[in-house]
Every structure is written in structure tokens, then in C-alpha cells.
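S.K.: quick one, structure for this:
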Amino acid sequence: MKFLILTFLCLMSFISPPDFLSKQLQSPRVAKANQEKGKKVDKLLTSKKIDKTHFNLFLRAFKKEEKLEVWAKNLDASNYTLIKTYDFCTSSGKLGPKRRSGDLQIPEGFYKVTTFNPLSTYHLSFKINYPNKSDLHFADKKNPGNDIYIHGECVTIGCIPLGNPNIEELYLLAIRAHNTGGSINVHIFPASLEEKSYQNLKESFKNEPDLLKFWANLKPVYNYFENKKTLPEIGVDSKGFYTVK
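M.R.: Residues are numbered from 1 along each chain as shown. Purely as a prediction, here's the structure:
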């Protein structure tokens, strides 16, 4: 009996557990999305010269324009390439960061994808790490809010909904990128911070100095990516403000 158990354990040691992508594709919704859109997603990556098995993904959202940009790069490349732009299906709250639970605000700042949910109430979804270190400095100390997702369907109380067809595509892109072991960065801005748009924001919100100070703190990261098409190393100082290293 001991010999049989030992033999079984030895055999098991040579069997690799399913990787993240394989596990995700076992979910009925993800499997159906892959059957219907997998080739389209692969073609999208190939058309931009992105290796579908070794790439990083970066998402950049603009609340005023209600747009979500999808950027990708090969793991051995320096610069990201824009591969797709999705429209928000709907939105909630107003321009400005999220500061407490129930304020209906879509966060603004710099985040990473942390969790994938193939059984989401909103079809498919993945979660970002709000509140981050900066958010915790400024947000309500007892209840800053959480559970911020990019998801399907067309409802929201602070998340970014893309509708079901679009989230299926993006979810497939995201699980492929995540399967490489890299992080998926998500930057959320009040609006495009190119100079004309930024000046319009400053004029429209000239009586809200704290908000303008917050947006001014986001702009160096926006500028860095616009100029270099690569992501800076972002920190948070002792006062809760972002730093670019």
C-alpha cells in the first residue's frame, strides 16, 4: 500500500496543474466568449504585431469622454501600442476621484487588476485595487468604498461598464495577458489631459482648487506615457500624492 501511495505521489508531481488561462476557459461564459471571439482577439493582437502568448496589457480610461483605451506590448518591447478603444456603456457620478462608499464615483488614479470573475453578476468582470495607497490617504477613513470593476452589462454605481460584447473581448485579452504573469495597469483620468482639454478642465473647475491640485498630480503620469508610450514607476509620498520615479 505504501508503495502504491508513493507511486501515485510521484506521478502527480509530474502533472502540471492547469494554468490560469486554462482554468478561466473552463468557465462556461469564458468558453463561449472564446469560441465566438477568440479568433477575433488573436487577429487583433497579430495585426498589431503582439505575441498573443507573451504580452502586457495597459488600460487607460477617460471619464468625460467615456472611453477606455486598450494598449499592449510584447514582453521584450519597451513601448505600448494602442490596439482598441471601447466606449463606456453608461457612467455614474461626476468628474473627480472616489472618496467614500456610495458616492457613485468612478475612481481616478493609478491601479492594477487584481481579480477576475467569470461568474460576475455583470456577465464578466475584473477588479482593480481601489482604494490604493493614495486613495486611503484622502478617502473616508471608515468606509472609502471598494469593489470597483470593469464589467459587462450597462449599469454602474462607480464601476466602468462596457456592455457584454465588449467585455467578452477585453476579458479574453486580459486573461491572456495575465497568464504571462505580468500585471495589468489601469490608469483612470477625469478626461484626456492633453493641453487643450486640461485647460478646459482648469477653467470649468477654477473654483475647486483641491480638485485642480489632484488633477495636476495626475498629469505628469499622463504626460510621461504620452511622450514615451511606456509606463513610469509610480510611487505615493507621505502626503498621499503620486510621484513619478
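
S.K.: residues contacting Asp135?
M.R.: Taking Cβ atoms under 8 Å, 6 or more residues apart in numbering, we find Asp135 in contact with Pro97, Lys98, Arg99, Pro107, Gly109, Pro144. The C-beta positions use only the backbone N, C-alpha and C, and glycine is treated the same way.

S.K.: what about the third one, which SS state?
M.R.: Assigned by DSSP: H, G, I helix; E, B strand; the rest coil, the conformation of Arg99 is coil.

S.K.: what values do phi and psi take at the residue nearest in space to the middle of the chain?
M.R.: The chain has Val186 as the residue nearest its centroid, 3.7 Å off, counting by Cα atoms, centre = their mean. Here is the backbone geometry of Val186 (degrees, to the nearest 10): phi -130, psi 120.

S.K.: please apply the same query to His151.
M.R.: phi -150, psi 180.

S.K.: please renumber so the chain begins at 6
M.R.: Renumbered: residue one is now 6, and that last one reads His156.

S.K.: thinking again about what came up before, quickly note the distance from the residue nearest to the centre of the chain to Ser52.
M.R.: With distances taken as Cβ to Cβ, to the nearest Å, Val191 is found 23 Å from Ser52.

S.K.: kindly report the same for Lys117.
M.R.: 27 Å.

S.K.: the two: which is more packed in?
M.R.: Lys117 (12 against 9; other Cβ atoms under 10 Å).

S.K.: which strands and helices sit next to the helix or strand where the more buried one lies?
M.R.: Take DSSP states H and E as the rule and Lys117 turns out to sit in strand 114-122. Applying 3 or more Cβ pairs under 8 Å, 6 or more residues apart in numbering; DSSP states H and E, one finds that strand 114-122 contacts strand 130-133, helix 138-143, helix 169-184, strand 190-194.

S.K.: mind checking the SS state of the residue nearest to Glu199 when sequence neighbours are not counted?
M.R.: Spatial nearest neighbour of Glu199, excluding adjacent residues (Cβ to Cβ, 6 or more residues apart in numbering): Glu231 at 7.3 Å. Under three-state DSSP, Glu231 falls in the helix class.

S.K.: per-residue pLDDT, Glu231?
M.R.: We have a pLDDT of 97 for Glu231.

S.K.: ok, Phe8 next?
M.R.: 45.

S.K.: got it, and the one 3 residues further on?
M.R.: Taken from the predicted model, the pLDDT recorded for Leu11 is 42.

S.K.: what's the answer for the one 10 residues further on, then?
M.R.: What the model reports for Ser21 is a pLDDT of 39.

S.K.: alright, that wraps it up for me.
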